[in-house]
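*Asks:* Here's my sequence, what's the structure:
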Amino acid sequence: MLIKLFTLYIYLQTSLCGCTSDRRNGGFEKPDFKYKLERIGRVDERVQESSGLAHGPDSTLWTHPDSGNPAILYNIARTGELLDSIPLPQLQNTDWEDLAEDEEHLYIGDFGNNANQRKDLRIYKIRREGYTLAGSINFSFEDQDAFPPAEDDFHFDLEAFFYYEDSLYLFTKSRGKHKKLKLYTLPATPGTYKATMQEQLPVQAMTTAAALSPAGDQFAILGYGKLYLFEVQNRSINLSGKHYCIPIARTGQAEAILYTSQHELLLTNEAGKLFKVRLIPR
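*Replies:* Numbers count the residues shown, from 1 in each chain. Model (predicted):
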């Protein structure tokens with residue numbers, strides 16, 4: 001029953017919610033460029049609940065399953081066909097939610113926290129060569145002192161991050177009464193840390209994934225039915241620069257996003273549908 005109600009909630013949110021309230025409350029602007037959303041394929045049904053995306057060898061993709069599924073990386077084509085799979089039996093999939101990457105590593109975010117009460121949040125750092133564990137980044141939020149907090153303060157779920165210049169940037173999924181996006185940072189080095197809160201911004205959609213553009217001058221935050229785009233200025237990742245809201249209602253419960261070029265992004269949802277968003281400069 002709860003799953004059916006949540007599915008109905010996602011359907012209503014993605015179908016009915018535009019960007020008006022985000023523009024009014026969060027300072028999001030209408031895009032000064034054109035964009036096109038199209039469905040381009042379906043992820044192989046053997047890939048269960050694609051929840052993160054990263055670049056694989058030879059223009060392929062890496063993805064992984066959500067909680068309750070095996071600790072495994074799937075290598076898929078950009079049209080969704082399954083090419084290979086790599087079991088990672090030394091790891092635990094408590095709630096894998098997103099992938100980040102640098103040239104030599106993949107980072108698996110085992111930090112899904114629906115109930116806001118986990119004390120074992122971690123990010124696995126995986127070597128691309130041999131796909132072995134380079135170490136774990138264990139962390140907690142510096143501003144969380146109750147597990148769980150009061151319902152109005154359910155702002156510590158996490159499903160989105162990316163790597164940039166030796167740091168990891170985390171973007172929370174708010175489940176509180178007043179939705180907001182919180183930005184935290186961590187070193188990309190194995191160890192135990194307090195995630196440092198940098199900024200917060202009112203948003204309407206619950207954050208499900210994040211990605212940085214190839215040029216490092218823009219980043220994308222995926223939400224149910226919306227895509228938030230932020231400009232990067234002076235090599236600083238923050239929520240204060242110019243930012244846009246794009247409605248993407250047809251994507252359903254979209255959970256993963258990746259820039260495949262400077263002006264194209266791929267999205268997957270938990271039903272296995274694969275979408276492309278093309279940004280068209282004027």
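*Asks:* Name the residue closest to the centre of the protein, please.
*Replies:* In the chain, the C-alpha nearest the mean C-alpha coordinate belongs to Ala209, at 1.3 Å (CA atoms, centre = their mean).
*Asks:* Who is that residue paired with across the strands?
*Replies:* With DSSP bridges as the criterion, Ala209 is bridged to Leu222.
*Asks:* partners of the helix or strand hosting Phe171 in the sheet?
*Replies:* Using DSSP states H and E, the element containing Phe171 is strand 167-173. Under the criterion DSSP bridges, strand 167-173 sits next to strand 157-164 (antiparallel), strand 180-187 (antiparallel) in its sheet.
*Asks:* For the first one, which outside residues touch it?
*Replies:* Right, strand 157-164. 51, 97-98, 100-102, 107, 109, 111-114, 116, 121, 123, 168-175, 188, 206-212, 216, 219, 221-222, 237, 255 (CB atoms under 8 Å, 6 or more residues apart in numbering). Where you see a C-beta, it was placed from the backbone N, CA and C, and this is true even at glycine.
*Asks:* Buried ones only from those residues, please, as a PyMOL command.
*Replies:* Selection of buried members from those for PyMOL, criterion 16 or more other CB atoms under 10 Å:
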select buried, resi 51+97+98+100+101+102+107+109+111+112+113+116+121+123+168+169+170+171+172+173+174+175+188+206+207+208+209+210+211+212+219+221+222+237+255
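*Asks:* surely Leu258 meets Thr63?
*Replies:* No: with contact defined as CB atoms under 8 Å, Leu258 does not reach Thr63; the gap is 9.2 Å.
*Asks:* Skipping its backbone neighbours, what lies nearest Lys125 in space?
*Replies:* Closest residue to Lys125 apart from its sequence neighbours, by CB to CB, 6 or more residues apart in numbering: Ala134 at 4.4 Å.
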